[in-house]
Every structure is written in C-alpha cells, then in structure tokens.
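Chemist: Everything below, folded, please.
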Amino acid sequence: PMSPPLAPRGPRTPHAHRPFVAATPPVAAQASQLSPRLFADNLDVAKEAQPLQLPQQAAAPAAAQAQAQQQQQQQQQQELPTLAQPSTHTTAMGQHQSQQTQLQRPSPVSPPGSVAVHAGEQPQLSREDMDTGSESAESMLQQLVFLKARMVQLEHDLDTTRCAADAAAAAAATELEEARRRAERAERRADELEARATELESKNLELEGLFKSEQQLRRKSHNLLLDLKGQIRVFCRVRPPSSREHGEDVVTVCRDAFTVEVSRAHVGFDGVPRPEKKAMQFDAVFGPSALQEEVFREVEDLVQSAVDGYNVTILTYGQTGAGKSHTMTGPENGPEELRGLLPRSFHHIFQNIDDTSQATKYLVTGSYLEIYNEEIRDLLSKNPKEKCDLKDHPTSGVYVKDLTATMVNSVAEMNSILGDGLKNRSVGATNMNEGSSRSHSIFMVRVEQCGKGADGEDHIRVGKLNMVDLAGSERQSKTGAT
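Modeler: Here you go, the predicted structure:
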C-alpha cells in the first residue's frame, strides 16, 4: 500500500534530529498480514540481506530530509564570521544567499508517496540517518525473531495440548468402553437374578402350599392323638418330704410311670396293725426327683392345641403345700430350670408364632382373675379387690364382664402381666405353707390367628389356654387356716 502524503512542515531548528520511525507502522502492518510460514521465510531473507535495503516508502522521506539538513548545515557554516578573512566572509555570504535563494525556490509538486529528486541527482544519506535507519531495522528484526520464536513455542504448546487431548480422549474412550462392558455384565447379571428370583418365588409358593397342607395334616394327627389319649387326663406329681416331715414314714411310692402306691397302717379286729397298700393309675406319674421341664413336656402338646385353635384347660389341685403353685408358676425370680408351666407355655406360644409363615397374623392377649370367697376379682385392673360379674352369652358362652385383656407381643410382656397379677393375688400363711394361695386363680391366654388356607381364602382361628391354680383342699383343723 502507498504511504499517506506528507504534511507541510514549518521551519526547522538548527541541529534538530528527528527519529527514523516513519517506516515502522507500514512494515509492521505488512509483517502482521503474512502467514506463519511466509513470515518465517521473509525473516530468514531479511537476515541474509547485505547491505540493509530500506523500503521505498521509508527511504524517500528520509533522503529528502537528509538533503535539507545538509544544506542547512552548509549555510550555517558560511554565516559564521571570520576575523582574518573579511572578504572571504562576504563571498561566503554571497554564496549562502545564492544557495538560500536556490533552496527557497519552489519545486514542482510531487504526487503523494513519491520523493522529489532533481533529474540527474542521487539521494545522499548522512551517516547519522543511516545509523538511525539501521537501528530501526535491527529493532524490527529482533521483533521478528521474537515473534518467530513465540510462534514456534505456541506451535509446540499446541502440539503438546493436542497430544494430551488425544491421550485424554483415548483414555475416556477406553473407560467408556469398559463402563459399557460392565453395564452389559450387570444387565446380564440382573436378568439372571431376576430369573432366579422368579424361580425361587415359584418354589416358595409351592413350598408354602405344601407347608399349609402339612400343617393341616399335623394339626389333624396331633389332635387325633390327643383324643386317643383322652380329652381329660390326670397326672400325679409326688413332692419330696419337707424339713418338718423328716423322720416320718413315706406313704406314697411311685411304682412305675403310670402307678402310684399308697400305704397306711390298718388295725384289724384283733387289734393287730397291718399295712394296707393301695395302687392308683394315672395318665402320667412324676416322682419327687422330677424336673419342671419333664412336667411341661407332658402338657406341651396341649399348649400346641391351644395355638391351633382349640380350648385347653390345665389345672392343679391338691392339699396346701403339695406344690400346686410351684408347678404352675415356679418361684418368683427363681432360676431358669425352676420355671413353671405358665412361663414355659408363654415361650412355646411365641416360639411357634416366630416359626410360622409371615403371611399368618397373630393376636395374643392375656387376662388374670381370681375367685376369692365366691367373688370374681380382676387381678390386672386398677382396683383388684373390686367384684366382677359373670355373664352368659348365647354364642360365645360364659364370660366375665369388664375383664381386662392386655395385648402382648413377647414373652417378656406376658411375664410382666403375670407378675402384676401375682402381686394382687390373695395369699396367707398356714401351718402347711407360709405363702399359701387362699383363692382359685385363672390365667387366660387367647390366641387369634388369620391366614390363608388351602383354598386360598383367609381363615380365622381362635384358641384359648386356661391355666388354673386351685386353692388347697384340706381340713381346716390340719392347716389352721382362718
């Protein structure tokens, strides 16, 4: 592109120096328009060029400026006064005037971007102007070298970034492929597990159906066996002698598992005492060394019948001090092996519930009452001495009005209400026992269950277990009770 025309200039100050900067913007503009490869090639050519060739746009104004400065210096030298040569001064002044007149003569107007040079004259550059131009060219060359090095560094950084991006993309592709394979494996595993779950569910339904059928068969066989044994069965338990009975004759002997032999001295007509023995048969006999667990094992089937939906009653009776309460409840806060029938029955009921299918729902409630002097008392109410009324319902039968029924969910809760009832029970000291029960007590456990039968319909079964501890049956003269 052509350089813009030069603006008119005013009078110059002697010895004024103007930096050589006119060529910098056009050359920089030309350098910025070069491509990176062409820019590097031009830079190499610039290094090899000898001597330095300035662009035409920058050389033309510099040549005219240098010529004007040279003429001005010559004019100033001619105007200096000389004492030894006055005539020479005059001559020099004349020559100066002629030269100044010649310089002030207007020159033809040149077009923009051209340099006014007289025909037959060559532009003459001073050493100072050449040095200034050389410095500017060297500065431009240094900038070009810096730009080339910067461009090489940027290309290197770009290649490094591109390589890193390619490596990251390859790693991401590998991870994506691995994730896809893991997802496929997981999907196949999920399909396998789903098929396995479906198979297990089918087998579970089949087993549940078989379990229900077996439960019905077991229940039927169990109760048939109990019917064969007898709906009413009588057991006999012989306690060991107490401390006050040591030295006395033992009149009861367990002959076998079903026979008890009772002996006594009988005085005949002749006045001679003769021993008399009488054997009695029972459904089961427990000797003095029998454990609580052995006694419960014999009645455990009856407790199971209550869970299956039957009404079962177990009662203990005998003389005061014979061990009725000990057999039914065991000692309070006693060891595990001395637990009676009631605590062991609680454990059996909830163990059976835990072993049953989750599809069967259970509801267990407990009630505790006593009959004292022909009055019914609720041992779990806030006022255990208050009398309760006995009613008769046409469908459900005999029941106690407003009797407390506590819902329980565990063996611990059942033992808790048993302990609360025992604290409210009427007891007293006699000649036979320090803590003799002076009333009949009944602990009732009601078990309701709801589950699907073999026909797929819901069925509800209700069983009741009545545990009765009767008061002592003895002569008042013997026990001293009041």
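Chemist: gap between residue 184 and residue 196?
Modeler: As judged by CB to CB, to the nearest Å, residue 184 and residue 196 stand 19 Å apart. No exception for glycine: its C-beta is placed from N, CA and C like everyone else's.
Chemist: what's the answer for residue 318, then?
Modeler: Between residue 318 and residue 196 the distance is 61 Å, computed by CB to CB.
Chemist: More neighbours: which of those two?
Modeler: Here residue 318 and residue 196 are compared on neighbour count by other CB atoms under 10 Å; more neighbours surround residue 318, at 16 against 10.
Chemist: tell me the contacts of that one?
Modeler: Under the criterion of CB atoms under 8 Å, 6 or more residues apart in numbering, the contact list for residue 318 reads 324, 472-473.
Chemist: Got a PyMOL select line for the buried ones in those?
Modeler: A single PyMOL command suffices to select whichever of these are buried according to 16 or more other CB atoms under 10 Å:
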select buried, resi 324+472
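Chemist: Closest one of the contacts of residue 318 to residue 156?
Modeler: The closest of the contacts of residue 318 to residue 156 turns out to be residue 324 (CB to CB; 105.1 Å).
Chemist: ok, now which ones touch the closest one?
Modeler: The contact partners of residue 324, by CB under 8 Å, 6+ apart, come to 316-318, 437, 469-470, 472.
Chemist: and the closest residue to it other than its chain neighbours, backbone torsions?
Modeler: In space, and not counting its chain neighbours, residue 324 is closest to residue 316: 4.1 Å by CB to CB, 6 or more residues apart in numbering. For residue 316, the backbone dihedrals are phi -120, psi 140 (criterion: degrees, to the nearest 10).
Chemist: beta partners of residue 316?
Modeler: residue 469 (DSSP bridges).
Chemist: Verify the stated contact: it with residue 340.
Modeler: No: the criterion here is CB atoms under 8 Å, and residue 316 misses it with residue 340 at 9.5 Å.
Chemist: what residues are shared contacts of these two?
Modeler: Taking CB under 8 Å, 6+ apart as the contact rule, residue 316 and residue 340 both touch 325, 327-328.
Chemist: With respect to residue 155, which of these is nearest?
Modeler: Taking CB to CB as the measure, residue 155 lies nearest residue 328 of the shared contacts of residue 316 and residue 340, at 101.8 Å.
Chemist: doesn't residue 465 fall inside a strand?
Modeler: Yes: Residue 465: assigned to a strand according to DSSP: H, G, I helix; E, B strand; the rest coil.
Chemist: Residue 167 versus that one, what's the distance?
Modeler: Taking CB to CB as the measure, residue 465 falls 79 Å from residue 167.
Chemist: Give me the more crowded residue out of those two.
Modeler: residue 465 (25 against 10).
Chemist: where's the more buried one relative to residue 74, distance?
Modeler: In this view, residue 465 and residue 74 are 145 Å apart by CB to CB.
Chemist: where's the dip in pLDDT among the contacts of residue 324?
Modeler: Across the contacts of residue 324, the bottom pLDDT score, 67, is held by residue 437.
Chemist: and residue 368, what does it touch?
Modeler: Contacts of residue 368 by CB under 8 Å, 6+ apart are 378-380, 417-418, 420-421, 441-444.
Chemist: Following element in sequence after the longest helix along the chain, please.
Modeler: When the chain is scanned for its longest helix (criterion: DSSP state H), the result is helix 127-229. Under the assignment DSSP states H and E, the closest C-terminal helix or strand after helix 127-229 is strand 235-237.
Chemist: in that next one, what counts as buried?
Modeler: Result for strand 235-237 [16+ other CB under 10 Å]: buried residues 236-237.
Chemist: quick one: which helix or strand includes the nearest residue to residue 388 once chain neighbours are set aside?
Modeler: What sits nearest to residue 388 in space, not counting adjacent residues and going by CB to CB, 6+ apart, is residue 376, at 4.3 Å. In the assignment (DSSP H and E), residue 376 maps to strand 375-378.
Chemist: quick one: contacts of that strand?
Modeler: Here strand 375-378 makes contact (CB under 8 Å, 6+ apart) with 367-371, 384-390, 400, 402-404, 424, 439.
Chemist: how does it look with 10 Å?
Modeler: The list of residues contacting strand 375-378 from outside it, by CB atoms under 10 Å, 6 or more residues apart in numbering, reads 367-371, 383-390, 400-404, 421, 424-426, 439-442.
Chemist: Given it, what are its sheet partners and their directions?
Modeler: On the basis of DSSP bridges, the sheet neighbours of strand 375-378 come out as strand 361-372 (antiparallel), strand 387-388 (antiparallel).
Chemist: Which secondary structure state is assigned to residue 276?
Modeler: When states are read from three-state DSSP, the local structure at residue 276 comes out as strand.
Chemist: and it, how many neighbours?
Modeler: As a burial measure, the neighbour count of residue 276 was computed by other CB under 10 Å and equals 12.
Chemist: Quick one: residues contacting it.
Modeler: Counting by CB under 10 Å, 6+ apart, residue 276 touches 262-268.
Chemist: what does residue 284 give?
Modeler: Residue 284 neighbours (CB under 10 Å, 6+ apart): 229, 233-237, 257-258, 290, 294-295, 297-299.
Chemist: Which ones among the contacts of residue 318 map onto helices?
Modeler: When the contacts of residue 318 are checked against helices using DSSP H, the ones located there are residue 324.
Chemist: Let's have the contacts of residue 318 in CSV, adding distance to residue 211.
Modeler: Formatted as CSV, those follow (distance: CB to CB, whole Å):
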residue, distance to residue 211
324, 39
472, 46
473, 46
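Chemist: Check the contacts of residue 318 against residue 274 and report the nearest one.
Modeler: For these, the minimum distance to residue 274 (CB to CB) is 28.7 Å, reached by residue 473.
Chemist: Looks to me like residue 357 is in a helix.
Modeler: No: when three-state DSSP is applied, residue 357 is found to be coil, with no helix at that position.
Chemist: Can you verify my assumption that residue 260 contacts residue 287?
Modeler: Yes: when contacts are counted by CB atoms under 10 Å, residue 260 is listed as touching residue 287 (9.2 Å).
Chemist: Now for these two: what residues contact both?
Modeler: Counting by CB under 10 Å, 6+ apart, the residues touching both residue 260 and residue 287 are 236-238, 252-254.
Chemist: With pLDDT and distance to residue 344 as extra columns, can I get those in CSV?
Modeler: Output for those, formatted as CSV (pLDDT from 0 to 100; distance: CB to CB, whole Å):
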residue, pLDDT, distance to residue 344
236, 92, 19
237, 91, 15
238, 88, 20
252, 77, 26
253, 78, 28
254, 80, 23
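Chemist: And the furthest pair within those?
Modeler: Taking CB to CB as the measure, these span a maximum distance of 13.9 Å, between 237 and 253.
Chemist: who touches both of these two?
Modeler: For the pair residue 237 and residue 253, residues contacting each of them under the criterion CB under 10 Å, 6+ apart are 260, 287.
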